[in-house]
Every structure is written in structure tokens, then in C-alpha cells.
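**Q** need a structure here:
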Amino acid sequence: MSRAAVEALVWETERARQELVAYARSLPPHVLEWQVEGKQGSVKGILAHVASAGYYFTKAALEANRLPVPAAAYPEIGKSRELGEIFAALDDVRDFTFRGTRALEDGHLSTRLATRWGEEYSCGQLLEHALVHFLRHRRQLERIVLGAIRAWEVGEA
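**A** Residues are numbered from 1 along each chain as shown. Purely as a prediction, here's the structure:
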């Protein structure tokens with residue numbers, strides 16, 4: 001069976017993950033501590049959320065297809081607030097995804113599943129969502145930093 005679609009999704013998701021991680025690593029440590037509105041509460045909280053979700057997307061696609069799920073190095077990362085651990089988990093998400101999706105074939109992408117947020121997706125849609133998730137949160141971080149710079153420039157910070 002073919003794996004072209006799976007591999008394309010995995011590699012594009014990896015590119016988006018790399019972009020997010022590179023951007024986050026370029027920020028000064030104090031910026032990663034900034035408090036922000038929303039459930040994650042801080043910039044590093046957003047990164048922990050992204051790592052946790054990265055594990056979820058792969059795990060859910062594998063479980064829906066009754067395929068083996070590899071062990072995650074940081075399964076509880078969503079609760080962590082340690083920067084070193086968060087960046088290590090973001091790197092492990094890459095390894096976890098590559099290991100896990102080796103068994104995934106293009107035919108598996110049509111398998112339906114209920115997401116943890118209550119919507120029904122195909123596995124292909126879920127993997128596309130994983131890709132966009134990294135992109136959305138990279139953009140979120142960029143907006144947070146840009147907003148702070150603009151506030152500083154007009155004397156609001």
C-alpha cells in the first residue's frame with residue numbers, strides 16, 4: 001500500500017514543528033515566562049500544550065487504526081512548566097511521530113475517529129489539523145511578541 005500522503009503530511013508537520021521550535025528558541029528566556037491570556041497562561045504554557053497535542057494527534061491516528069503506539073518520553077508534558085523539559089518534549093514529538101507513523105499507510109487516513117474536543121475527523125483530517133496546530137501557535141507567539149514590541153514603542157509597556 002502507498003504511504004505518499006502519510007509521508008507528505010508527516011514531513012510538512014515536521015517542517016511546521018521546526019519553525020515553531022526555532023522561533024521559540026530564538027526568544028529570550030524571560031519572554032518564554034510572559035503571562036498570556038487563555039488556558040495555557042504563559043508562552044511556555046503554549047509550548048507545553050503544543051507538545052502534548054503533538055503526541056495526541058499521532059497517538060489518536062494510530063489507535064483509531066489499531067496500530068501500535070510507541071512510548072512517549074514526556075507523556076505528561078502538558079502539565080510541565082520547565083523550559084528544558086518542554087523543548088525536549090517538542091523534540092521527542094518529532095521522534096514519536098516518525099516512529100509511530102511508520103506503520104500508517106494512506107488507506108488508514110480515511111479511518112474515522114472522535115477527537116478529544118468532540119468532533120469527528122478522519123485520520124487524514126487529524127494529521128492535517130496537527131500540521132495547522134503548529135502553524136497557528138507559531139503565529140500566536142509571533143503576535144504576542146509583536147504586540148509587546150508595539151506596546152513598548154508607544155510607551156504602554
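**Q** C-alpha only now, for contacts and for neighbours.
**A** Will do.
**Q** which secondary structure element contains the closest residue to E76 other than its chain neighbours?
**A** Nearest residue to E76, sequence neighbours excluded (C-alpha to C-alpha, 6 or more residues apart in numbering): S52, at 7.3 Å. Counting by DSSP states H and E, the element that carries S52 is helix 43-64.
**Q** mind listing what's buried in the helix or strand following that helix?
**A** Using DSSP H and E, the next helix or strand after helix 43-64 towards the C-terminus is helix 83-100. Using 16 or more other C-alpha atoms under 10 Å as the test for burial, helix 83-100 gives 83, 86-87, 89-94, 96-98, 100.
**Q** now do stretch 62-76
**A** L62, A64, N65, L67, V69, P70, A72, Y74.
**Q** may I ask which two of those are separated the most?
**A** Spatial extent of the buried residues of stretch 62-76 (C-alpha to C-alpha) is set by the pair N65 and Y74 at 22.9 Å.
**Q** one step back: for the buried residues of helix 83-100, which one is nearest R15?
**A** Using C-alpha to C-alpha, R94 is the member of those that sits closest to R15, with 10.0 Å.
**Q** please tell me I have it right and the closest one contacts E14.
**A** Yes. Applying C-alpha atoms under 8 Å as the test, R94 and E14 come out as touching, 6.7 Å apart.
**Q** return the list of helices and strands in contact with whichever helix in the chain runs longest.
**A** The helix that spans the most residues within the chain, counting by DSSP state H, is helix 123-153. Here helix 123-153 touches helix 4-26, helix 43-64, going by 3 or more C-alpha pairs under 8 Å, 6 or more residues apart in numbering; DSSP states H and E.
**Q** for these, which one sits closest to W34?
**A** Evaluated over those, closeness to W34 peaks at helix 43-64, with 5.8 Å, by C-alpha to C-alpha.
**Q** ok, and what's touching the closest one?
**A** For helix 43-64, contacts defined as C-alpha atoms under 8 Å, 6 or more residues apart in numbering pick out 31-36, 40, 68-69, 72, 75-81, 83, 86-87, 89-90, 93, 96-97, 100-101, 104, 111-113, 115, 123, 126-127, 130, 133-134, 137, 141.
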